[in-house]
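Q: show me how the following folds:
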Amino acid sequence: MLKKIFDFVDTVVVTMNKTIAVGGMALGVLLAFVNVVLRYVFNEGLSWAGEMTNYLFIWSALFGAAYGFKKGIHISVTILLHLFPVKIAKFFVIFASAFSCLFLMLMAYLGTKLLILTAEFGETSPDLWNIPMWIPMIVLPLSFAAAAFRAGEKVYEFAKTPANEVLKTSEDELVHDSAVKE
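A: Here you go, the predicted structure:
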């Protein structure tokens with residue numbers, strides 16, 4: 001039962017990450033292009049397009065980064081880990097992922113607090129039809145919570161991986177994943 005719940009959450013998070021990352025980037029590029037054409041060809045522009053494009057790119061970047069935890073594509077320096085026995089190296093890899101998970105959970109929590117504070121102040125966007133600013137800012141707790149979920153998932157995966165395979169797994173993950181799909 002717990003595995004089914006975890007698999008469901010995993011599917012929801014990966015779908016959300018990929019959809020928002022790709023959709024935000026595509027819509028942001030399209031909106032920026034349309035606004036440039038309107039400005040330089042027709043001497044008219046969309047007053048709200050600049051701010052909306054910024055938010056689309058921010059959403060895309062943050063959800064793309066959350067998805068990066070799933071694929072293991074974030075930068076990690078493992079050169080020193082090869083100097084340690086495999087069990088100690090495994091401990092450090094798990095510790096780094098756990099620390100990342102805790103940091104991302106803290107960012108999700110602080111993002112939620114900022115969101116609540118923004119809503120309480122009643123701040124609105126003058127360029128985006130006076131929508132409440134908490135709407136575009138909801139990306140903070142959502143994306144950081146998704147990234148924390150992914151980092152926690154890595155802790156679990158590394159914990160169940162044999163010590164002699166952890167460094168290879170953490171370094172070769174991206175290469176292995178792309179080779180399997182081809």
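Q: how close does the residue most central in space within the chain sit to Thr118?
A: Taking C-alpha atoms, centre = their mean as the criterion, Ala66 is the residue nearest the geometric centre of the chain, at 2.0 Å. As for Ala66, its distance to Thr118 is 21 Å (criterion: C-beta to C-beta, to the nearest Å). All C-beta atoms are positioned from the backbone trio N, CA, C, and that covers glycine.
Q: just Glu157 next, same as before
A: Between Glu157 and Thr118 the computed distance is 36 Å (C-beta to C-beta).
Q: also Asp127?
A: As judged by C-beta to C-beta, Asp127 and Thr118 stand 16 Å apart.
Q: can you check Val139 too?
A: As defined by C-beta to C-beta, Val139 lies at a distance of 12 Å from Thr118.
Q: neighbour count: Asp127 and Thr118, which is higher?
A: Thr118 (19 against 14; other C-beta atoms under 10 Å).
Q: my guess is the more buried one meets Pro136, correct?
A: No. Between Thr118 and Pro136 no contact is recorded; they are 9.8 Å apart, counting by C-beta atoms under 8 Å.
Q: which regions of the chain lie under the pLDDT threshold?
A: In the predicted model of the chain, residues 2, 71-79, 166-182 satisfy pLDDT under 70.
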